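sequence plus the predicted model coming up.
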Amino acid sequence: MADQATHYKIVSFIWSIADDVLRDLFKRGKYPDVILPMCVIRRMDAVLEPTKQRVLDTKKMLDEARITEQRAALCDAAGQAFYNKSKFTLRDLKSRGSQQRLLADFEDYLNGFSDNVQDILDNFKFRNQLQTLSKADAIGTLINKFLDPDIDLSPAGIDNHAMGTVFEELVRRFNEENNEEAGEHWTPRDAVRLMANLVFLPIEAEIKSGTYLLYDCACGTGGMLTVGEETLTTIGARRGQQVKCLLYGQEINPETYAVCKADMLLKGEGESADHIVGGAEWSTLSHDAFPAQEFDFMLANPPYGKSWKKDLEAMGGKDGMRDPRFKVMHKGEELSLGTRSSDGQMLFLANMASKMNAKSALGSRIAEVHNGSSLFTGDAGQGESNIRRWIIENDWLEAIVALPFNLFYNTGIATYIWVLTNRKPEHRRGKVQLIDATQWFKPLRKNLGKKNCELSDEDIARICDAFLAFKETEQSKIFPNAAFGYWKVTVERPLRLKGIDATRAYTPKEIKALKEEHERAEDAPAVIRKIHKKGTAADPLRGLFEVTISSKPAVVEYEPDPDLRDTEQVPLLEEGGIEAFLRREVLPHAADAWFVPDSVKTGYEISFTRYFYKPQPLRTLEAIRADILALEQETEGLLGEIIGGKA
């Protein structure tokens, strides 16, 4: 409890600094642009203070020896994954005669940090705030507040893990305060805990001592990586295993990338901090930071409904795209996984699937959040459908969990967690589990943006129990992989024109003229475009019809009528396949129809509504009659009042 009290005190104190120093200088939404980097700077300053002189001596020695590559030696002298070679510490800057002197010295101090810290400061755009702070005489006040003895940010006062917790709590508060855009880069912790459990619980008994690689391709402030690491290390400790996690992440938003990298450094995870890559030029789709790298566990909440047109152009357009993550060979066929340019969310899932570990015994496990469009958008042969097909036919899709509405900060729409693995246990092979968890939640007393509910520990346990049980219930349905697949088939009917010769074949040029000169009619003869050689077998369903020409049997092909062209979706599980479906559903209504074998495409879609829809029971006649009588009595009473009032 003492630790929690200390954390709360530090967070509250730092939070109060924003109101005390920054009010009227910045909009509230800009407070984190100053407070978060200052928090990082103060912590690093305190961590580096004991070795400051050693770093300065090492720097002097290296300069005198004219050694230019100094990073490793200075980190070694500092005893950290970062250093500061400036002669100043924050305490040295407490008293300065003028704002100009303080600003110059503070900038010199900032410039002394190592490149990994510079990367954080640059992406926070912290230096852009200094002129405003200096003009308001606020830099000194800010430094003094962070040096206040009431909050000890040195390692003696708060360890690395606790400092990371404090920093994450500050980030959470700022995000919730600024909740109209919080959800863009911040996934609620309850959703993240559920995702981590879905990833780790199924293989809990198989976790052995060793190093595991965790990856988030849209890592935001790093919350998923942090919770993933905590969950895995807790499982390892519970089972007496020595588990080490290396965290990898990529993030395009500069500020949230800076938060994520800073969090890693503050927690003493310098190696993981080096694996966090980001900034405006680091789009996961067009600029993969980890090509050909494989990971053990992956979690992500990619942006949905966001255009990736700029990325597409950078990758050479749909025709020129050759990225092996999005052009894959599958069952001897090259599949393009490129989605509509207006929404690239499924590409993040394809990116993660391409990085699954094919060598280890555990393989890889993935949990990724998507909105409903990922379940069904895209026709057969289009990118979204191809991604679903590639994942399902490879038997990687383990489950999809439908989450409660309004669980996220900036959207009230339906959201789903996709759970993938390339090491399905025997009892799950060839099957997909769908879980409807939309009613398992706890309402919030106060909305946070659009978020009006949360997943309690009991809700998370309930969902995980349903997942692990892998049984058919009202909320859990199990299907064979092929249940989500279909063939999209083009169905043709012949062009029928009045006044034509039904015993000869017409050339394309002649058919074009016939269309202009003759009238269509259902009872008119069909236009023949080809008469096959003797011996060709008739196959009406494939467009090869047997007719009599000059008293002799012949097999012909008819010119299709584009106005009558239609498509049918035939389930992959249809008994008897496409032909049986057409005989049952099409030929009774159009006996001259046929399908084009070359047009057949395989598609996949998943309809939660179809599987979990609960129709509302119709009201009884007695109930309806009672309502009508009650309304009649009410209107008679009103009418009496009106008439009585007039009298």
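Perfect, I can see it now.

just give me the longest helix of this protein.
Taking DSSP state H as the criterion, the chain has its longest helix at helix 621-646.

tell me the mean pLDDT for that helix?
What helix 621-646 shows for mean pLDDT is 77.

before we move on, what about stretch 374-381?
On average, stretch 374-381 scores 90.

try stretch 42-54
Taken as a whole, stretch 42-54 carries a mean pLDDT of 90.

what's the first-to-last distance across that stretch?
For stretch 42-54, the first-to-last residue distance is 19 Å (CA to CA, to the nearest Å).

what about that stretch, distance to the chain center?
39 Å (CA atoms, centre = their mean, to the nearest Å).

quick one: residues in contact with it.
Under the criterion CB atoms under 8 Å, 6 or more residues apart in numbering, residues 55, 77-80, 82-84, 89-90, 113, 117, 146-147, 153-155, 163, 167, 265-266 lie in contact with stretch 42-54. Every C-beta, even on glycine, is put in place using the N, C-alpha and C of the backbone.

how far away from the center of its chain is stretch 132-142?
40 Å.

what's the span of that stretch, first residue to last?
For stretch 132-142, by CA to CA, the gap between its terminal residues amounts to 13 Å.

list the contacts of it.
By CB under 8 Å, 6+ apart, stretch 132-142 touches 17, 20-22, 25-26, 34, 38, 93-94, 96, 99-100, 102-103, 106, 130.

re earlier: any of the contacts of stretch 42-54 buried? List them.
55, 77-78, 80, 82-84, 89-90, 113, 117, 146-147, 153, 155, 163, 167, 265-266 (16 or more other CB atoms under 10 Å).

follow-up on the earlier one: in the longest helix of the chain, which residues are buried?
Applying a neighbour-count criterion of 16+ other CB under 10 Å, helix 621-646 contains no buried positions.

cool, and stretch 516-524?
Here stretch 516-524 shows 518, 524 as buried, counting by 16+ other CB under 10 Å.

how about stretch 39-57?
Neighbour counts using 16+ other CB under 10 Å place 39-48, 51-52, 54-56 of stretch 39-57 among the buried residues.

do the same with stretch 313-331
So, applying 16+ other CB under 10 Å, buried residues of stretch 313-331: 315, 321, 323, 325-326, 328.

doesn't residue 214 make contact with residue 245?
Yes. Under the criterion of CB atoms under 8 Å, residue 245 makes contact with residue 214 at 5.6 Å.

these two - which one has more neighbours?
Each of residue 245 and residue 214 had its neighbours counted (other CB atoms under 10 Å), and the higher figure belongs to residue 214 (25 against 21).

which residues touch the helix or strand in which that one is found?
Assigned by DSSP states H and E, residue 214 belongs to strand 210-216. Contact with strand 210-216 is made by 222, 224-225, 228-229, 232, 242-250, 290, 293-300, 352, 355, as judged by CB under 8 Å, 6+ apart.

what does stretch 510-519 give?
Contacts of stretch 510-519 (CB under 8 Å, 6+ apart): 495, 497-500, 506, 527, 529, 559.

switch the residues you listed over to CSV; also include distance to residue 635.
Formatted as CSV, those follow (distance: CB to CB, whole Å):
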residue, distance to residue 635
495, 62
497, 63
498, 63
499, 67
500, 68
506, 72
527, 66
529, 70
559, 66
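
spatially nearest residue to residue 558 (excluding sequence neighbours)?
Take residue 558 and drop its neighbours on the chain: the residue closest to it by CB to CB, 6 or more residues apart in numbering is residue 494, 3.6 Å away.

next one, pLDDT for the one you found please.
pLDDT for residue 494: 93.

that one against residue 524, yeah?
No. Counting by CB under 8 Å, residue 494 does not reach residue 524; the two are 9.8 Å apart.

ranges for the strands of the stretch 201-350 of the chain?
210-216, 243-251, 276-278, 297-300, 327-330, 333-336 (DSSP state E, counting those that start in this stretch).

doesn't residue 489 make contact with residue 567?
Yes. Residue 567 lies in contact with residue 489 (CB under 8 Å); the separation is 6.5 Å.

next, count neighbours for residue 556.
Counted by other CB under 10 Å, the residues lying close to residue 556 total 23.
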